[in-house]
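Undergrad: Here is a sequence with its predicted model. Questions after.
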Amino acid sequence: MAKIKEIARKRRSIRKYKTDKFGVNAILECIDVAKEAPSGSNAQPWHFVIVEDDGLKKELREVCEKGEKKFYSHVKGKLAEWLESKGLNWQKPFLTDVPYIIAVFSHKKSPYSRESVWIAVGYLILAIEEKGLASLTYTPPNRSEVAKLLNCPEDYRLEVLIPVGYAGEDKVKEPRKGLDEIVSVNRW
């Protein structure tokens, strides 16, 4: 348990990456871990698309930033304050800076497909961390447009884009709540 806890404690959401390349086998090994996740009815309703082509990454960034501009124009209140405090905006340079983006899809008609896929994503990001790589779970506001760009079949939906590369920032992990704040026994 100590090893997995250490990996989980180290993992951070990285938005700045080095452009250093590495072999796609590292990504395949991480996906090989993700596919071991449990799933409703053992349907294994996930599909992973590895994007490494620079031209396609540029197109992805353009589509995502179009959606982000629209999203950011409507954000107000506490979310707007939080985004500003973190220096986040509609621009997503990490989509073209990283060597790889993993697009993760769920099969719409499989039981508990979204829940199952997100468990697999949890496995995936820990495997990426264990490899000494960095990642981010990025959910674009216009996922259907992104899915179309990646030739996604109609019976699948894009859940998340995961940029993967070497961290280009020395980011401190956001504080986590203590067990006493998140756990109850028997009842709330």
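TA: Thanks, I have the structure now. What you see is a predicted model, and the numbers here were worked out from it, not measured in a lab.
Undergrad: those helices in this protein, which residues are they?
TA: 2-10, 25-34, 54-74, 77-85, 94-97, 113-130, 143-149, 179-182 (DSSP state H).
Undergrad: among these, which is nearest Pro45?
TA: Nearest to Pro45 among the helices of the chain is helix 113-130 (4.0 Å), distances taken as C-beta to C-beta. For glycine as for every other residue, the C-beta is placed from the backbone atoms N, C-alpha and C.
Undergrad: what residue is smack in the middle of this structure?
TA: Centroid-nearest residue in the chain, with C-alpha atoms, centre = their mean: Thr137, separated by 2.1 Å.
Undergrad: Kindly reformat the helices of the chain as a markdown table and extend each row with mean neighbour count and distance to Ala43.
TA: A markdown table is the format used below for these (neighbours: other C-beta atoms under 10 Å; distance: least, C-beta to C-beta, whole Å):
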| stretch | mean neighbour count | distance to Ala43 |
| --- | --- | --- |
| helix 2-10 | 11 | 25 |
| helix 25-34 | 17 | 15 |
| helix 54-74 | 15 | 27 |
| helix 77-85 | 10 | 34 |
| helix 94-97 | 20 | 30 |
| helix 113-130 | 20 | 7 |
| helix 143-149 | 16 | 19 |
| helix 179-182 | 7 | 29 |
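Undergrad: Between those, which one is closest to Gly168.
TA: Comparing those by C-beta to C-beta, helix 94-97 comes nearest, at 7.2 Å.
Undergrad: Which residues outside that closest one are in contact with it?
TA: 14-19, 54, 57-58, 60-61, 64, 101, 136, 138, 161, 163, 165, 168 (C-beta atoms under 8 Å, 6 or more residues apart in numbering).
Undergrad: can you check stretch 37-53 too?
TA: Residues contacting stretch 37-53 (C-beta under 8 Å, 6+ apart): 24, 27-28, 31, 34-35, 57, 60, 99-107, 110-113, 115-117, 119-120, 122-123, 150, 156.
Undergrad: at 7 Å instead, please
TA: With contacts defined as C-beta atoms under 7 Å, 6 or more residues apart in numbering, stretch 37-53 is touched by 24, 27, 31, 35, 57, 60, 99-107, 110-113, 115-117, 119-120, 123, 150, 156.
Undergrad: for stretch 68-88, same thing?
TA: So stretch 68-88 is contacted by Asn89, Trp90, Lys92, Pro141 (C-beta under 7 Å, 6+ apart).
Undergrad: Can you flag the buried ones in the residues you listed?
TA: Among the contacts of stretch 68-88, the ones that count as buried by 16 or more other C-beta atoms under 10 Å are Trp90, Lys92, Pro141.
Undergrad: now those residues in JSON lines, with distance to Ile128?
TA: Shown next, in JSON lines, are these (distance: C-beta to C-beta, whole Å):
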{"residue": "Trp90", "distance to Ile128": "25"}
{"residue": "Lys92", "distance to Ile128": "19"}
{"residue": "Pro141", "distance to Ile128": "24"}
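Undergrad: Many thanks, have a good one.
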